[in-house]
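Peer 1: Sequence and computational prediction follow.
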Amino acid sequence: MSRLEISTEGGRLAFHPGEELRGTASWSLDAPPTKVELRLFWRTEGKGSQDVGVVETLSFDGAGAEDRREFRLRLPPGPYSFSGKLISLIWALELVAERVLAVRYRFLEGGWEDLFARLRGLEGRGAIVGPEGSGKTTLLEDLAKELQRRGRSVSFVALSPGERRLSSRQRGAVLEVARSESFLLVDGADALTPRAWRALHRQGRRASGFVVTAHAEGLLPTLWRTWTSARRQPAGGSARALRGLCGRPSVEGTARRQFEFG
């Protein structure tokens, strides 16, 4: 049975802007995880649509089935926690462990040379499109490694589910890419609000290359399609859109700890 825990230093559950939030993340799983992340975020609850802001994500490399890691996070200026009649704003830490249950992916047509030929034909701009769990993130991560192997500079921006806007740190990274000869890779771009996407798109056009992942077509020309082995190969679309097959990651466990902020 999986067990994940988050503990803050001294058991504190109230913090002020600019403070360093220190603590320990621990877990006991049935098998070693593929990925373990700790996310610092806020969310709204109540009337209207929910808004979520992920401030920072820490990845614990080389995680074992039973492990314990210390963490330090610098808290931002805001927004403050509050509880109202119509809406509340809640801060929390979330620990997530995932494990890939199948092969990462395999090319059904072509390979890296075909993908790069397609990317050149799209003038370095394109989207990896596919359903949830079909390996878009894995393929984008491997694209980053392949670009670096070929001597290209890469900036990778990962948006967590529900993250509707870029954080200040992510915006700084995007602006830096726009001033250099780097490739900008953005995972989960379709989670952004229309306004946030337009701002990102403007900066991406200034980068040497710009590739995103999305669940549906429309953000950028389709570079590659992905789907899981359990799904039928999609019909239609561009005949030159290359295809992949990926394993589905399984969430082994999650833990959350809420705290007051302000």
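Peer 2: Cool, the structure landed. Because the structure is a prediction, the values reported are computed rather than measured. Numbering: from 1, shown residues only.

Peer 1: Please determine how far the nearest residue to residue 208 once chain neighbours are set aside is located from residue 124.
Peer 2: Of all residues not flanking residue 208 in the chain, residue 181 sits nearest, at 4.8 Å (CB to CB, 6 or more residues apart in numbering). No exception for glycine: its C-beta is placed from N, CA and C like everyone else's. Going from residue 181 to residue 124 by CB to CB, to the nearest Å gives 11 Å.

Peer 1: Over to residue 111?
Peer 2: In terms of CB to CB, residue 111 sits 19 Å off from residue 124.

Peer 1: Equivalent analysis for residue 252, please.
Peer 2: Taking CB to CB, one finds residue 252 at 37 Å from residue 124.

Peer 1: got it, and residue 9?
Peer 2: For residue 9 relative to residue 124 (CB to CB), the value is 46 Å.

Peer 1: Comparing those two, which residue is more hemmed in?
Peer 2: Set residue 9 next to residue 124 and count neighbours by other CB atoms under 10 Å: residue 124 wins out with 17 against 13.

Peer 1: what do residue 181 and residue 124 both touch?
Peer 2: residue 208 (CB atoms under 8 Å, 6 or more residues apart in numbering).

Peer 1: Quick one: neighbours of the spatially closest residue to residue 51 that is not a sequence neighbour, just the number.
Peer 2: Using CB to CB, 6+ apart and skipping residues adjacent in sequence, the residue nearest residue 51 is residue 44, 4.6 Å away. Look at residue 44: counted by other CB under 10 Å, it has 17 neighbours.

Peer 1: quick one: average confidence on stretch 195-211?
Peer 2: Confidence for stretch 195-211, expressed as mean pLDDT, is 91.

Peer 1: Against residue 200, how distant is the residue nearest to residue 208?
Peer 2: For residue 181, the distance to residue 200 (CB to CB) stands at 19 Å.
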